[in-house]
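In: Fold the following.
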Amino acid sequence: QVQLVESGGGLVQAGGSLRLSCAASGATFSSYAVGWFRQAPGKERQFVASIARSGGTTHYTGTLKGRFTISRDNAKNTVYLQMSSLKPEDTAVYYCAAGDYLGSYGYWGQGTQVTVSS
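Out: Modelled structure (predicted):
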């Protein structure tokens, strides 16, 4: 079983950047595909990006591709989400999730708040 802890959220002005981290423990992290999701107040959870076990395959929700980049360092048991050109509508709680396959996530972190001011 894997435990996930997100970090790196905070308050940033529009146009700024943040890098979120998802640190894993309790299992061989390279065995898991990882996804990032976000949920804004009053809205449904939205898929942001995902990365395969080896890092060779990534997926993004179309509207975010080009501004967000997902990567992983299996030696550090960490997946990153680099976010740039942030907009107020990117404000949300960001969650990472892990699972055996892309799109199938059974383990979730507690989330980290990202707030983008205009």
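
In: quick one, what contacts the residue sitting nearest the centre point of the chain?
Out: Residue closest to the average C-alpha location in the chain (C-alpha atoms, centre = their mean): residue 36, at 3.1 Å. By C-beta atoms under 8 Å, 6 or more residues apart in numbering, residue 36 lies in contact with 20, 22, 48, 49, 50, 70, 79, 81, 94, 95, 96, 97. In short, each C-beta sits where N, CA and C put it, glycine included.

In: What about the nearest residue to it once chain neighbours are set aside, how many residues nearby?
Out: Counting by C-beta to C-beta, 6 or more residues apart in numbering, residue 36 lies nearest to residue 48, which is 4.2 Å off, once chain neighbours are set aside. When counting by other C-beta atoms under 10 Å, one arrives at 24 neighbours for residue 48.

In: Check what contacts the helix or strand hosting residue 48 and list those residues.
Out: In the assignment (DSSP states H and E), residue 48 maps to strand 46-51. Applying C-beta under 8 Å, 6+ apart, the external contacts of strand 46-51 come out as 33-40, 57-61, 64, 68-72, 79, 81, 92, 94, 102-103.

In: So which of the contacts of residue 36 sit within strands?
Out: 20, 22, 48, 49, 50, 70, 79, 81, 94, 95, 96, 97 (DSSP state E).

In: on that earlier part again, tell me the gap between the helix or strand containing the residue nearest to the centre of the chain and the middle of its chain.
Out: Here residue 36, judged by DSSP H and E, is contained in strand 33-39. Chain-centre distance of strand 33-39: 5 Å, with C-alpha atoms, centre = their mean, to the nearest Å.
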